[in-house]
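> sequence plus the predicted model coming up.
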Amino acid sequence: LFDSAIAYAYPDLKTPAIHDSSSVSIVGRESYLYEYGWLRYRDPRYLLILDDPTVSPQLDTRYQQFPVSVLFDREASAETPPVEWKSENFNDVGYGILRNTSETGTTSLLIDYGPNRSHGHPDKLNVDLWNSRTGIIAPDPGIVWYEKPLYRNWFRTTLAHNTLSVDERDQLPADGTLLVYGGGDTLAAQRANAREAAPGVLMDRSLFLTREYVADIFGAFARLPRKLDLAWHLLGDFSTDLPLIPFELPEPREAGYSELADTQSAKTDAAWSAIFNLKDTPVRFIAAGGAPTEVITGDGWFGRVRPKTIIQRRQTADTVYGNIIDLSGEATPFVQSSKFAGSLAQGYAALVIETTKGRDTCIVTYRPGEYTLDGVRTDALQAFIRREGDRVTSAILGGGRILSAPGLSIILNHPGLVLLEHAENGS
């Protein structure tokens, strides 16, 4: 009762705008109920709500209507204990939320993998990204009034979400499956798939979260060639190194595509990048390339704002996308370069990410067996190695038995989940 709303919300106490909802504050007229929670459990997260300036005056005016306010049991100068926002997996509804908290704030990354539901949108494997410095970065669009044409033409469409559209059509109502989920202090990972959201196409998404970036490996696998559009919607002023030229989507246009304005495109099979300047903070989107891609950009909708939509279009039977969002916000990017490797036929996909500190390796496997890449050997469904120089500083083995690299060896008797991190004392 007390914990679920806080666990679901961003650290600013607002909620993601998932499906037929909008981003709203969990602080409101019934927030006094958290006094019961504080009196019983003494969870410092409850004080985030009780100490909110919009709540405290209400508690004063309700004196003697409810239990004596905890505000009067605390020193006026008492500070709220620090709260570390941790990862949460809402398994029944299918929201996997990875969080990473450091001295610069918290990053929250949600993937929607759950069952189809009433008022649900056709957005399986959609992601929603929030960061303390910028607020929402890659949002779920939420809704407008049902009566408005924009509801059906944009907000409810698959294209309006950070996920895959097939043949320019909305996904079908479908369930997804969580395959891997694990989070630590400095890194986290999760993987999910959906078999029925797009007829004849298996969608598979693996996410890797650190304090500095999010890495995403998205696979789309069919028997026959399809038009595969992976969409991203990031807030902020957009610029890119791609040689974009004006581009018109052919008529008639499907819902979602019909609302894109100022469309441009470029074709490439190489790595490329874009910058979204959000609240004076550069957020860098890095596409690792590796396959012929038509990149289409256009102005979408988020409330009354028209953020840039990026569509990575590939016309093929199967493909794997590798993308990174650099959240460091520094003048010198933390992610220096990235390289994509693998395919469905090869049985794995990987991102090798060069950073200002060293080199990270993200691996997912699609077929049973052991695979070796960049000095990393594993049979895991999802594996992650981080290095500073030549030293391994952290690692995740998810859904496998083996993960090894120079200076690291993990061997299990049975498939499992292992997360290793260097502690602050060096151990």
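On my side now, so go ahead.
> CA atoms only: put stretch 318-329 into CSV for me.
This file holds the C-alpha atoms of stretch 318-329, laid out as CSV (Å, rounded to 0.1, in the frame of the first residue of the first chain):
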residue,chain,number,x,y,z
ASP,A,318,16.1,-10.4,-39.1
THR,A,319,18.3,-7.8,-37.6
VAL,A,320,19.8,-6.6,-34.4
TYR,A,321,20.1,-2.9,-33.4
GLY,A,322,22.8,-1.6,-31.1
ASN,A,323,22.2,1.8,-29.5
ILE,A,324,23.7,3.8,-26.5
ILE,A,325,22.4,6.9,-24.7
ASP,A,326,25.3,8.7,-23.0
LEU,A,327,23.9,10.3,-19.8
SER,A,328,27.2,11.7,-18.5
GLY,A,329,26.3,15.2,-19.5
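> what separates the residue most central in space within the chain from Val295, distance-wise?
Centroid-nearest residue in the chain: Leu109, 3.7 Å away (criterion: C-alpha atoms, centre = their mean). Distance from Leu109 to Val295, counting by C-beta to C-beta, to the nearest Å: 23 Å. Using the backbone N, CA and C atoms, a C-beta is placed for each residue, glycine as well.
> for the stretch 51-200 of the chain, which segments are assigned as strands?
Using DSSP state E, counting those that start in this stretch, the strands of the stretch 51-200 of the chain run over 88-90, 95-102, 105-112, 126-131, 135-138, 164-166, 177-183, 187-198.
> got those as a markdown table, with mean pLDDT and distance to Tyr257 columns?
As requested, the strands of the stretch 51-200 of the chain are exported to a markdown table (pLDDT from 0 to 100; distance: least, C-beta to C-beta, whole Å):
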| stretch | mean pLDDT | distance to Tyr257 |
| --- | --- | --- |
| strand 88-90 | 96 | 31 |
| strand 95-102 | 94 | 27 |
| strand 105-112 | 96 | 22 |
| strand 126-131 | 98 | 17 |
| strand 135-138 | 97 | 19 |
| strand 164-166 | 98 | 9 |
| strand 177-183 | 97 | 29 |
| strand 187-198 | 97 | 16 |
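> include distance to Phe221 when you put those into CSV, please.
Below are the strands of the stretch 51-200 of the chain laid out as CSV (distance: least, C-beta to C-beta, whole Å):
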stretch, distance to Phe221
strand 88-90, 25
strand 95-102, 21
strand 105-112, 18
strand 126-131, 19
strand 135-138, 24
strand 164-166, 11
strand 177-183, 15
strand 187-198, 10
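> what's the closest of those to Ser258?
strand 164-166 (13.1 Å; C-beta to C-beta).
> so, low pLDDT: which residues of the stretch 201-350 of the chain?
Counting by pLDDT under 70, the stretch 201-350 of the chain contains no low-confidence segment.
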